[in-house]
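**Student:** kindly generate the corresponding structure for this input.
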Amino acid sequence: MEKSNDVLAQEVRDKIGRGFVLCIDPDYLLLHYGDITVGTPLPAKAIGPRYAVCVGTDGEATFWSMLSTTINDHCSRIPDAAKGGAFTKNAKPSYYRPDQLWVMTREMAVEAHIQVNGPLRPKFRFSYIDPELVPDWPSLPPVYPKQFTRKGLTVHPKP
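**Tutor:** Model (predicted):
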(Lines give C-alpha, C1' and ligand atoms only; values in the text may rest on other atoms or scores of the structure.)
Protein backbone atom coordinates (compact mmCIF):
# COMPACT_ATOMS: atom_id res chain seq x y z
CA MET A 1 0.00 0.00 0.00
CA GLU A 2 1.42 3.39 -1.02
CA LYS A 3 1.70 6.09 1.63
CA SER A 4 -0.55 9.14 1.27
CA ASN A 5 0.91 12.61 0.75
CA ASP A 6 -0.26 13.51 4.29
CA VAL A 7 1.69 10.61 5.78
CA LEU A 8 4.78 11.49 3.73
CA ALA A 9 4.51 15.16 4.76
CA GLN A 10 4.31 14.09 8.42
CA GLU A 11 7.48 12.01 7.99
CA VAL A 12 9.29 15.10 6.68
CA ARG A 13 7.93 17.28 9.53
CA ASP A 14 9.09 14.66 12.06
CA LYS A 15 12.64 14.60 10.62
CA ILE A 16 13.12 18.38 10.64
CA GLY A 17 15.83 19.22 13.13
CA ARG A 18 19.41 20.42 13.36
CA GLY A 19 21.24 19.54 10.12
CA PHE A 20 18.18 18.44 8.09
CA VAL A 21 18.24 19.70 4.48
CA LEU A 22 15.23 20.42 2.23
CA CYS A 23 14.89 22.02 -1.19
CA ILE A 24 12.46 24.92 -0.65
CA ASP A 25 11.16 28.04 -2.35
CA PRO A 26 11.96 31.04 -0.11
CA ASP A 27 10.13 33.39 -2.51
CA TYR A 28 6.93 31.44 -1.79
CA LEU A 29 7.47 31.99 1.94
CA LEU A 30 8.07 35.72 1.44
CA LEU A 31 4.95 36.04 -0.68
CA HIS A 32 2.69 34.20 1.75
CA TYR A 33 4.24 35.02 5.16
CA GLY A 34 6.28 38.21 4.69
CA ASP A 35 9.85 38.73 5.84
CA ILE A 36 10.56 35.86 8.23
CA THR A 37 14.32 36.39 8.45
CA VAL A 38 16.67 37.34 11.27
CA GLY A 39 20.03 39.00 10.64
CA THR A 40 21.30 40.43 7.36
CA PRO A 41 18.50 41.99 5.29
CA LEU A 42 17.22 40.17 2.21
CA PRO A 43 18.42 41.07 -1.28
CA ALA A 44 16.04 43.13 -3.42
CA LYS A 45 15.83 40.48 -6.14
CA ALA A 46 14.10 37.10 -6.12
CA ILE A 47 15.94 34.36 -4.27
CA GLY A 48 14.80 31.29 -6.22
CA PRO A 49 14.37 27.67 -5.12
CA ARG A 50 17.33 26.22 -3.26
CA TYR A 51 18.44 23.84 -0.59
CA ALA A 52 18.20 25.06 3.00
CA VAL A 53 19.59 23.54 6.17
CA CYS A 54 17.77 23.58 9.50
CA VAL A 55 20.18 25.01 12.08
CA GLY A 56 17.89 24.32 15.04
CA THR A 57 14.42 24.41 16.52
CA ASP A 58 12.64 26.21 19.37
CA GLY A 59 9.20 24.78 20.01
CA GLU A 60 7.08 25.42 16.93
CA ALA A 61 9.81 27.57 15.30
CA THR A 62 12.50 26.09 13.04
CA PHE A 63 15.54 28.08 11.88
CA TRP A 64 17.05 27.66 8.41
CA SER A 65 20.02 28.93 6.44
CA MET A 66 19.69 29.04 2.66
CA LEU A 67 22.41 27.14 0.82
CA SER A 68 24.17 28.30 -2.31
CA THR A 69 26.91 27.17 -4.66
CA THR A 70 28.07 30.78 -5.04
CA ILE A 71 30.45 32.32 -2.54
CA ASN A 72 30.19 35.91 -1.35
CA ASP A 73 31.54 37.97 1.56
CA HIS A 74 28.93 36.67 4.01
CA CYS A 75 29.11 32.95 3.24
CA SER A 76 30.81 30.05 4.98
CA ARG A 77 31.69 26.83 3.21
CA ILE A 78 30.19 23.55 4.33
CA PRO A 79 32.87 20.86 4.43
CA ASP A 80 32.11 18.15 1.87
CA ALA A 81 32.55 15.52 4.61
CA ALA A 82 29.63 17.10 6.52
CA LYS A 83 27.13 16.61 3.66
CA GLY A 84 24.98 13.51 3.29
CA GLY A 85 21.99 12.35 1.30
CA ALA A 86 20.54 13.29 -2.07
CA PHE A 87 21.87 16.85 -2.31
CA THR A 88 25.49 15.60 -2.23
CA LYS A 89 25.10 14.65 -5.93
CA ASN A 90 25.91 18.28 -6.74
CA ALA A 91 29.70 18.30 -7.12
CA LYS A 92 29.96 22.06 -6.44
CA PRO A 93 30.87 23.36 -2.97
CA SER A 94 27.97 24.41 -0.72
CA TYR A 95 27.89 27.68 1.22
CA TYR A 96 25.54 29.01 3.87
CA ARG A 97 24.92 32.35 5.57
CA PRO A 98 25.44 32.17 9.34
CA ASP A 99 24.37 35.85 9.53
CA GLN A 100 20.86 35.30 8.07
CA LEU A 101 18.33 32.79 9.36
CA TRP A 102 14.82 32.09 8.13
CA VAL A 103 12.21 31.29 10.78
CA MET A 104 9.26 29.03 9.97
CA THR A 105 7.17 26.20 11.32
CA ARG A 106 7.70 22.63 10.15
CA GLU A 107 4.46 22.96 8.16
CA MET A 108 5.73 26.09 6.40
CA ALA A 109 8.97 24.27 5.46
CA VAL A 110 7.04 21.34 3.96
CA GLU A 111 4.74 23.79 2.14
CA ALA A 112 7.76 25.60 0.62
CA HIS A 113 9.31 22.24 -0.32
CA ILE A 114 6.17 21.08 -2.13
CA GLN A 115 6.11 24.37 -4.10
CA VAL A 116 9.43 23.37 -5.69
CA ASN A 117 9.09 19.61 -5.92
CA GLY A 118 5.37 18.90 -6.21
CA PRO A 119 3.71 16.20 -4.12
CA LEU A 120 5.99 14.14 -1.88
CA ARG A 121 6.94 10.71 -3.17
CA PRO A 122 7.49 7.49 -1.22
CA LYS A 123 11.10 7.34 -2.47
CA PHE A 124 11.94 10.85 -1.19
CA ARG A 125 15.61 10.83 -0.14
CA PHE A 126 16.50 12.86 2.92
CA SER A 127 19.61 15.05 3.03
CA TYR A 128 21.54 16.36 5.98
CA ILE A 129 24.60 18.28 7.14
CA ASP A 130 26.49 17.14 10.23
CA PRO A 131 26.65 20.33 12.35
CA GLU A 132 29.58 18.93 14.34
CA LEU A 133 31.72 19.16 11.18
CA VAL A 134 30.81 22.80 10.43
CA PRO A 135 33.17 25.24 12.22
CA ASP A 136 30.85 28.26 12.61
CA TRP A 137 27.41 26.66 12.92
CA PRO A 138 24.87 29.45 13.63
CA SER A 139 23.37 29.99 17.07
CA LEU A 140 19.63 30.42 17.44
CA PRO A 141 18.58 34.04 17.93
CA PRO A 142 16.93 34.92 21.26
CA VAL A 143 14.32 37.08 19.45
CA TYR A 144 12.78 36.20 16.11
CA PRO A 145 9.69 36.80 13.93
CA LYS A 146 6.71 34.61 14.67
CA GLN A 147 4.69 35.27 11.53
CA PHE A 148 3.29 31.76 11.31
CA THR A 149 -0.05 32.78 9.80
CA ARG A 150 -0.45 33.17 6.04
CA LYS A 151 -1.06 36.70 4.86
CA GLY A 152 -4.74 37.43 4.46
CA LEU A 153 -5.78 34.76 6.96
CA THR A 154 -7.01 35.54 10.45
CA VAL A 155 -6.39 33.24 13.37
CA HIS A 156 -9.31 33.22 15.76
CA PRO A 157 -8.60 32.42 19.41
CA LYS A 158 -9.97 29.10 20.64
CA PRO A 159 -12.99 29.51 22.92
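
**Student:** from here on, contacts and neighbour counts on C-alpha atoms
**Tutor:** Fine.

**Student:** show me what contacts residue 59?
**Tutor:** Going by Cα atoms under 8 Å, 6 or more residues apart in numbering, residue 59 touches no other residue.

**Student:** correction: residue 127
**Tutor:** Residue 127 makes contact with 20-22, 83-88 under the criterion Cα under 8 Å, 6+ apart.

**Student:** and residue 34, by the same measure?
**Tutor:** By Cα under 8 Å, 6+ apart, residue 34 lies in contact with 147, 151.

**Student:** just the helices in this structure please.
**Tutor:** In the chain, the helices defined using DSSP state H lie at 5-15, 26-33, 106-117.

**Student:** just want the angle from the longest one to helix 5-15.
**Tutor:** Think helix 106-117. Relative orientation of helix 106-117 versus helix 5-15 (axes from the mean of the first three to the mean of the last three Cα atoms, to 10 degrees): 120 degrees.

**Student:** same question for helix 106-117, mean pLDDT?
**Tutor:** If you average the pLDDT over helix 106-117, you get 89.

**Student:** just to revisit the earlier point, of the contacts of residue 127, buried ones?
**Tutor:** Neighbour-count burial (16 or more other Cα atoms under 10 Å) is assigned, among the contacts of residue 127, to 20-22, 83-84, 87-88.

**Student:** quick revisit: turn the helices of the chain into a markdown table, columns for mean neighbour count and distance to residue 58.
**Tutor:** As requested, the helices of the chain are exported to a markdown table (neighbours: other Cα atoms under 10 Å; distance: least, Cα to Cα, whole Å):
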| stretch | mean neighbour count | distance to residue 58 |
| --- | --- | --- |
| helix 5-15 | 14 | 14 |
| helix 26-33 | 18 | 19 |
| helix 106-117 | 19 | 11 |
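
**Student:** quick one: which of the ones you listed is nearest residue 152?
**Tutor:** helix 26-33 (8.5 Å; Cα to Cα).

**Student:** okay, the angle between that closest one and helix 106-117?
**Tutor:** Using the same axes, to 10 degrees: helix 26-33 against helix 106-117 is 130 degrees.

**Student:** and for helix 26-33, what's in contact with it?
**Tutor:** Contacts for helix 26-33 (Cα under 8 Å, 6+ apart): 36, 46-50, 108, 112, 115, 147-151.
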